[in-house]
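Student: Attaching a predicted model along with its sequence, questions to come.
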Amino acid sequence: MHRLIFAVLAALFLAGPAGAAPLCGELGFSGLLAKCNRGEPIEITLSSGKPLGKGAIALQSGAYYEMRITADGSAELALTGAPFFRAIWMNEIVINGIEVRPMAIDSLEFDEAGTATLSFIAIKPGSYEVKIPDTSSDSQKVQISIQ
């Protein structure tokens, strides 16, 4: 009898808000890619001598995001951040209309002007950074936290 009561209470607890998707409320885990579970787009600009972004970025674990990385072609630049890329579930990368569904990435390099759009779900809480490799300036990196 105690096991039955425990099982019912556990089922009620898991079916409540604790098991729901972060931004959707009642959709549950089936709603991870739902429109209501999407955070604000993240804009990153690769340009010689200019900052990557407008400051630190806070993401919510379990929410869906798009990161638009735009290179202006002023220099051959890359964006690295393997720890961050390992802390997310990558849905796809779209480059010139071509959709790539990778298991993981370490970096993206732009030889010419263009845009790559990464869509992902933030998973592992922590503090991360994406940056232009071999640079030391704070403006050449973006701090990203997953909460």
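Tutor: It's in.
Student: Who are the contact partners of residue 118?
Tutor: Applying Cβ atoms under 8 Å, 6 or more residues apart in numbering, one finds that residue 118 lies in contact with 66-67, 69, 90, 92-93. Glycine gets a C-beta too; all of them are placed from N, C-alpha and C.
Student: try residue 132
Tutor: So residue 132 contacts 46, 52, 77-80, 140-141 (Cβ under 8 Å, 6+ apart).
Student: can you rerun that using 10 Å?
Tutor: Applying Cβ atoms under 10 Å, 6 or more residues apart in numbering, we find residue 132 in contact with 46, 48, 52, 75, 77-80, 107, 139-141.
Student: ranges for the strands of the protein?
Tutor: Using DSSP state E, the strands of the chain run over residues 42-46, 57-59, 64-71, 77-80, 88-95, 98-100, 107-110, 114-122, 126-131, 141-146.
Student: Of those, give the one that comes closest to residue 36.
Tutor: Distance to residue 36, taken as Cβ to Cβ, is lowest for strand 64-71 among the strands of the chain, at 9.6 Å.
Student: OK, contacts around the closest residue to residue 99 other than its chain neighbours?
Tutor: In space, and not counting its chain neighbours, residue 99 is closest to residue 92: 5.0 Å by Cβ to Cβ, 6 or more residues apart in numbering. Neighbouring residues of residue 92 by Cβ under 10 Å, 6+ apart: 66, 98-102, 117-120.
Student: and with 7 Å instead?
Tutor: 99-101, 119 (Cβ atoms under 7 Å, 6 or more residues apart in numbering).
Student: And for residue 105?
Tutor: Residue 105 makes contacts with residue 85, as judged by Cβ under 7 Å, 6+ apart.
Student: I'd like to know which of the contacts of residue 118 is nearest to residue 38.
Tutor: Looking across the contacts of residue 118 and measuring by Cβ to Cβ, the closest to residue 38 is residue 66, at 7.7 Å.
Student: what's across from the closest one in the sheet?
Tutor: residue 119 (DSSP bridges).
Student: any idea how far residue 140 is from it?
Tutor: Note on residue 66: its distance to residue 140, by Cβ to Cβ, to the nearest Å, is 22 Å.
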